[in-house]
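Participant: After the sequence you'll find the predicted model.
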Amino acid sequence: MIFTPGMSLTEIEDNVFEYEPFEEDGSLLIVAESSWRGFATELQELHSLKGAQFINQLKLIVFEGEFHPVKGEDHIFSAISEQSEDFDNLINAARKAVAHGYSVYILPNPRNCRTADFIFRKKNLYTMYDLKTVSGMGSVGTQLLDSIGQSNRILINMTSDYNPRALAKDIRRYFERNVYAVEVLIMKGSRSISVIREDTLGQSFIRNFMMKYSQK
C-alpha cells in the first residue's frame, strides 16, 4: 500500500477496510487486510456501483492504488508515467483543481475498461471526472457525448475562447442525452463554474450561464 501526503486512514469507511488502531487515540492506524484487486478490476467495478458504494470504491482506489506524488507539484498524485502522451494536458487541468482546494489523483487507462481521468478529493468529498480540454473552436458537444460511459461528471478545461451560448447549448444537450450525467465542471482561468442537471432545466439557463461565464 502506498500512503500519499495528507491522507488519513480514519477517512475510510469500516465497510471498505478492516483495521485496528495502533495507538489508543486512533491517530495511527495499521491496515489489517486489503481488498485491492488492481486498477483494471477496481475501476471497472465503479460502473456497477451507485451512491455510498460508489464513493467507498473511490476511496479504496485513492488509498490503495499505486499512485506516486508528481515531482514539483503539490497535491497531485499519478498512476501513469510522466512520459505518457496526455500527461501535460492532465497536469495542466490538475493544477487548476488544486488551486480550488482539491487533491488530484490521475488515473490510468487500463485496456478494455472505459474510465475517467481524475479522482478529486477535498476533505471527505470524493468525485471522479473525465477531462475534456477545449483548445480551439471544435465542438465541445462532440467531446461531451464521447465521454458517456466513462464518468457521470465532466471537467472542461478551457484554454481558448469559446462562444458561451454555444457552450451552454452543448452542456444542455449533454444532460439531455445522458440520463446518468450529474455535473459539468468548467475551469476557465482561475475560475470554476459548476453546472448540474437541475440548472439546465429552466428557461433562463442559457442566459444565466452566459452571464456567469462572462464574469471576470
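Facilitator: Sure thing, it's come through. Residues are numbered from 1 along each chain as shown.

Participant: Report the residue spans of this structure with pLDDT below the cut-off.
Facilitator: Applying pLDDT under 70 to the chain picks out residues 1-34, 137-138.

Participant: Just the helices from it, written as ranges.
Facilitator: With DSSP state H as the definition, the chain shows helices at residue ranges 39-45, 51-64, 87-99, 140-146, 164-177, 205-214.

Participant: Check the protein for its longest strand and report it.
Facilitator: Longest strand of the chain, by residue count under DSSP state E: strand 125-134.

Participant: Just list whatever residues bridge to residue 120.
Facilitator: On the basis of DSSP bridges, residue 120 takes part in beta bridges with residue 104, residue 127.

Participant: burial measure for it, as a count.
Facilitator: Residue 120 is flanked by 23 other residues according to other CB atoms under 10 Å. Bear in mind the C-beta positions are built from the backbone N, C-alpha and C, glycine included.

Participant: Save the helices of the chain as JSON lines, and put in mean neighbour count and distance to residue 110 too.
Facilitator: Supplementary listing: the helices of the chain in JSON lines, determined by neighbours: other CB atoms under 10 Å; distance: least, CB to CB, whole Å:
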{"stretch": "helix 39-45", "mean neighbour count": "17", "distance to residue 110": "4"}
{"stretch": "helix 51-64", "mean neighbour count": "18", "distance to residue 110": "12"}
{"stretch": "helix 87-99", "mean neighbour count": "18", "distance to residue 110": "16"}
{"stretch": "helix 140-146", "mean neighbour count": "17", "distance to residue 110": "18"}
{"stretch": "helix 164-177", "mean neighbour count": "18", "distance to residue 110": "25"}
{"stretch": "helix 205-214", "mean neighbour count": "15", "distance to residue 110": "35"}
